[in-house]
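# No letters, just coordinates:
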């Protein structure tokens, strides 16, 4: 029977949670690199024990870690990113007066075919790639050099590249989400990029339908239907069925369409999960009730899934990287909160239970099947 490994990044270290295929009992590791912020941990889909991690400290800056034994031991890799030949953290990308500065790695996306290839999305918004297991990195600079780059601006969390999707049917097709620039697609492995924002509407922009400037929070995709993308943005839940060429709103009967996470059921490409929160100024659930909303119709019709979740006096948030699904026959859904809880459902969201509580604030949750 397959098992599950949850990779949990928090404000004060990383935690590895493991269970067998029944997912009834969980082993929780001691904090790894306690005191360090872990913005993201992500396992390779082709090497079950390979894990990449983004480790950060206000004192020591950005560090990359790699594990080849499922998080039991770690090796520091790629401690210095390369910016057009300039090494070091907290450097200008290319020495020009334009204020692009490397601050942290928000997202790691391992290759779907090669365990040594991995992408990194960073702040200020840029995309990097390593082909040697994270030891060295080079920037896919045509994204940051896009003609719209001068119009990009930071969201409340910084100008972060937080979403990287690799099309499973065409590994040269990449999608990225940037706060607050929007969404972009490359069809040639990062050589050229185009904004994919037609249909997005952001009332806080001078031009609400502008090509760039939209604050995208998260983008999700099902591997069996790669042309369909789901987006949670700064207000609005959106969908595209043509690789981002056009988007339409699917917020439907959600009580609020502000939130950070969005994910898709492992076996049902029309089953989508979101966690609405009250507003862009009040980052907690409406009425103190923690609710995961599920749509089985690809949007518009949503149902609150609350069994096992606190329905009184709950004021936590669920951050953009903090939800994932496993690929077991009965799809498991997992998310972490800023209150330090990690919740899991082994029945597609019908019921929930606390896997662990009292962790530091959870920043990211990723799943590996082992």
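Structure received. Because the structure is predicted, anything quoted here is derived from the model rather than measured. Residues are numbered from 1 along each chain as shown.

# Would you map the helices across the stretch 51-200 of the chain?
For the stretch 51-200 of the chain, applying DSSP state H, counting those that start in this stretch gives no helices.

# which residue ranges form the strands in it?
Taking DSSP state E, counting those that start in this stretch as the test, the strands found in the stretch 51-200 of the chain are 51-57, 61-67, 75-77, 82-83, 86-87, 104-110, 118-123, 126-130, 138-139, 160-166, 174-179, 182-186, 194-195.

# rank those by pLDDT, which is bottom?
Ranked by mean pLDDT, these bottom out at strand 86-87, with a mean of 40.

# Pick the most buried one from the strands of the stretch 51-200 of the chain.
strand 174-179 (a mean of 27; mean count of other Cβ atoms under 10 Å). The C-beta positions use only the backbone N, C-alpha and C, and glycine is treated the same way.

# and residue 170, how far is that from residue 227?
Here residue 170 is placed at a distance of 10 Å from residue 227 (Cβ to Cβ, to the nearest Å).

# now swap in residue 242 and tell me
6 Å.

# on that earlier part again, need the strands of the stretch 51-200 of the chain in JSON lines with distance to residue 318, can you?
Output for the strands of the stretch 51-200 of the chain, formatted as JSON lines (distance: least, Cβ to Cβ, whole Å):
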{"stretch": "strand 51-57", "distance to residue 318": "19"}
{"stretch": "strand 61-67", "distance to residue 318": "24"}
{"stretch": "strand 75-77", "distance to residue 318": "29"}
{"stretch": "strand 82-83", "distance to residue 318": "33"}
{"stretch": "strand 86-87", "distance to residue 318": "36"}
{"stretch": "strand 104-110", "distance to residue 318": "16"}
{"stretch": "strand 118-123", "distance to residue 318": "19"}
{"stretch": "strand 126-130", "distance to residue 318": "25"}
{"stretch": "strand 138-139", "distance to residue 318": "31"}
{"stretch": "strand 160-166", "distance to residue 318": "14"}
{"stretch": "strand 174-179", "distance to residue 318": "16"}
{"stretch": "strand 182-186", "distance to residue 318": "21"}
{"stretch": "strand 194-195", "distance to residue 318": "27"}
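
# Show me the shaky parts of the stretch 1-150 of the chain.
For the stretch 1-150 of the chain, applying pLDDT under 70 flags the ranges 1, 79-99.

# try it again with 90
For the stretch 1-150 of the chain, the stretches flagged by pLDDT under 90 are 1-2, 48, 57-63, 78-104, 136-139, 150.

# Need the nearest residue in space to residue 235, chain neighbours excluded.
Spatial nearest neighbour of residue 235, excluding adjacent residues (Cβ to Cβ, 6 or more residues apart in numbering): residue 258 at 5.4 Å.

# OK, contacts around that neighbour?
Contacts for residue 258 (Cβ atoms under 8 Å, 6 or more residues apart in numbering) come out as 234, 235, 276, 277, 278, 279, 280.

# swap in residue 318?
Contacts for residue 318 (Cβ under 8 Å, 6+ apart) come out as 259, 260, 261, 275, 277, 335, 336, 337, 338.

# follow-up on the earlier one: can you pick the most crowded of the contacts of residue 258?
Neighbour count (other Cβ atoms under 10 Å) singles out residue 276 as the most crowded of the contacts of residue 258, with 24 neighbours.
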